[in-house]
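Chemist: give me a 3D structure for the following:
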Amino acid sequence: MLLGVVLATGLGIGLFSGVGSNGSRTATVGGPAPAFSLPRLAGPGNVGTPADGGGGGRPAVLLFFASWCTPCQQEIPALAAAYRAQGRGSSAVPVIGVDVLDPRSQAKAFVDRSGVTFPVAVDATGRVTEGLYAFIGPPAAVFISRDGTIVHIARGSITPRQLLSWEARLR
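Modeler: Alright, predicted model coming up:
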């Protein structure tokens, strides 16, 4: 009986503490944004988030998408247009795209066709999308405060208005 209570308690703590089956913490609202670095889709280098949040103590927005994702095919061009129209001064919140499980050439064609000008990381294996963020698939958006805390997770499509509204809250 006592062993059953101990096992049930341990399972409950594991389920509600955000610890994944691989032993790593998964992303939750109010928790720290997992740091990651992935290859950049266009050009040399990597794209990601450092351990302190969005980027050097700045807030950030992560947009998870894929060329094969039907909702993404409508969402990303609209979000890219809102991003471009907003202007990107020093007070702008960085947006980082994360392309999920796409062949690189397909991802590049989709990003170019969609008018994306923000940096895009390639998550070819799903390590970040499925492993760190526990998303089953795109689209999804994660809004990270300047101290690295996740303030909102949107599973599914968002509108340009929602993107801009959450960005304003992060400033």
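
Chemist: rest of the way, CA atoms for contacts and neighbours
Modeler: Will do.

Chemist: please state the offset of the helix or strand hosting residue 110 from the chain centre?
Modeler: Using DSSP states H and E, residue 110 sits within helix 104-114. Per Cα atoms, centre = their mean, to the nearest Å, the displacement of helix 104-114 from the mean C-alpha position of its chain is 18 Å.

Chemist: so for that helix, mean pLDDT?
Modeler: In this model, helix 104-114 has a mean pLDDT of 97.

Chemist: and the next helix or strand past it?
Modeler: strand 120-123.

Chemist: tell me which strands and helices that following strand is in contact with?
Modeler: strand 36-39, strand 46-49, strand 95-100 (3 or more Cα pairs under 8 Å, 6 or more residues apart in numbering; DSSP states H and E).

Chemist: among the ones you listed, show the one with the smallest mean pLDDT.
Modeler: Of all the helices and strands packed on strand 120-123, mean pLDDT reaches its minimum on strand 46-49 (a mean of 91).

Chemist: list the neighbouring strands of the helix or strand just after it plus their orientation.
Modeler: Per DSSP H and E, the first helix or strand lying C-terminal to strand 46-49 is strand 60-65. Within its sheet, and counting by DSSP bridges, strand 60-65 is paired with strand 95-100 (parallel), strand 140-144 (antiparallel).

Chemist: you'd agree residue 142 is up against residue 152?
Modeler: Yes. Residue 142 is within contact range of residue 152, at 6.0 Å (criterion: Cα atoms under 8 Å).

Chemist: those two - which one has more neighbours?
Modeler: residue 142 (23 against 16; other Cα atoms under 10 Å).

Chemist: residue 102 and residue 29: what is the separation?
Modeler: 27 Å (Cα to Cα, to the nearest Å).

Chemist: neighbour count winner among the two?
Modeler: Each of residue 102 and residue 29 has its neighbours counted (other Cα under 10 Å); residue 102 has more, 19 against 14.
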